[in-house]
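Novice: Can you look at this prediction? I've put the sequence above it.
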Amino acid sequence: MTETKDRSAAGALFWEQQLERFLGRSNSKACSQLGQSLSAIAPSSLQHGDLSRWTDALTALPDLSPSAISLDDSRLIIGRADDLASNSSPLALRAQLEAFIPWRKGPFELFGIDIDTEWRCDLKWQRLEHAITPLAGRRVLDVGSGNGYYAYRMAGAGAAQVLGIDPHIPYVAQFLLLQKYLAEQPVDVLPVTLDDFPTRCEAFDTVFSMGVLYHRRSPIDHLHQLRDALRGGGELVLETLIVDGVKGYSLIPEGSYARMRGIWFVPSVATLEAWLMKAGFDDIRVVNTSVTTVEEQRATPWMPFDSLQDSLDPDDSCLTLEGHPAPTRVVIIATKR
């Protein structure tokens, strides 16, 4: 019985409290209806992982008031070292932050402590920030948001409301850590997926799906779900893996791809554009293609496990260990028809 109560209390931190925050800031009919629809479900993600571990780690964090916040720089800055209270030291806070390893998306600076994450997400943001419709005043959905790095960049760009969704509880726990010191920012992350959304919720002006499409068994269904989340004329920002090839070609790895399991389809750009048109998007435009480098994705003390370097052929960095083309990514922007 005690274990059930503990899980329920931990689940509330990750679900009920966050859903209440989202509903409290949702001043559009569509967002309110989305929140009400989500309130009727019990996210399956809450049945996996050690919720109490993350709840305990979050509860132990010191109560600090950041004297400086910057959400529009490459490294998100929360507070200064001078903000640390008398009962907290840089060494103690660093140990608490290390309890949330692995840190994959970032980078961050929290009260003078640099969190050098696996991904230099600022580089991806630089590739798209001037190509998208300005986010000022817009309602934004960030699919596969992880710890919320991009969601906070969206808020820093002036978004009126940002909802991130990600079913991975350790990443949501990292977001809750950040949210503790950024409580006034219009950003929420919920441990759900688009599968939990009602059809045609049409609640958002801009929807981001970055690093998600190739994990979906049906990419067309994913694109339809993204379209359903957008209002008429809304904008999709899609970032995904691609390979060279003609229209209709898509790599379908038999096993892993760059040591990643669950990679279903890696299309050519022409194929991806055809998928988008079939899913109901127009004004499709490629704004960037780039080969992922070990400067952008690498192991660090904050993510001390295998990373991109360990996934490439040691004799030919243009190939993965499996012999597939090395990861190349595209950013495509499209408008809901």
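Specialist: Thanks, I have the structure now.
Novice: Keeping just the C-alphas, turn stretch 27-40 into CSV.
Specialist: Output of stretch 27-40 as CSV, limited to C-alpha atoms (Å, rounded to 0.1, in the frame of the first residue of the first chain):
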residue,chain,number,x,y,z
ASN,A,27,-6.3,30.8,-22.7
SER,A,28,-7.4,29.4,-26.1
LYS,A,29,-10.3,27.1,-26.5
ALA,A,30,-8.3,24.6,-28.5
CYS,A,31,-5.6,24.3,-25.8
SER,A,32,-8.2,24.1,-23.1
GLN,A,33,-9.9,21.3,-24.9
LEU,A,34,-6.6,19.5,-25.4
GLY,A,35,-5.9,19.7,-21.7
GLN,A,36,-9.3,18.4,-20.8
SER,A,37,-8.9,15.5,-23.2
LEU,A,38,-5.5,14.7,-21.7
SER,A,39,-6.9,14.8,-18.2
ALA,A,40,-9.0,11.8,-19.0
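Novice: Give the buried residues for that stretch.
Specialist: For stretch 27-40, a neighbour-count test (16 or more other CB atoms under 10 Å) marks Ala30, Cys31, Leu34, Gly35, Leu38 as buried. From N, CA and C alone the C-beta is placed, and that goes for glycine too.
Novice: Could you pull up the mean pLDDT of it?
Specialist: Averaging pLDDT along stretch 27-40 gives 96.
Novice: And for that stretch, what's in contact with it?
Specialist: Residues from elsewhere that reach stretch 27-40 (CB atoms under 8 Å, 6 or more residues apart in numbering): 19, 22-23, 26, 139, 161, 163, 190, 192, 196-198, 201-203, 231.
Novice: Just the buried ones among those, please.
Specialist: Of the contacts of stretch 27-40, these count as buried by 16+ other CB under 10 Å: 19, 22-23, 26, 139, 161, 163, 190, 192, 196-197, 201-203, 231.
Novice: In terms of model confidence, name the weakest of those residues.
Specialist: On pLDDT alone, Ser26 ranks lowest of the buried ones among the contacts of stretch 27-40, at 92.
Novice: so what's that residue closest to, chain neighbours aside?
Specialist: Ranked by CB to CB, 6 or more residues apart in numbering and with sequence neighbours excluded, the top spatial neighbour of Ser26 is Ser32, at 4.9 Å.
Novice: three-state assignment of the one you found?
Specialist: Secondary structure, DSSP: H, G, I helix; E, B strand; the rest coil: Ser32 is helix.
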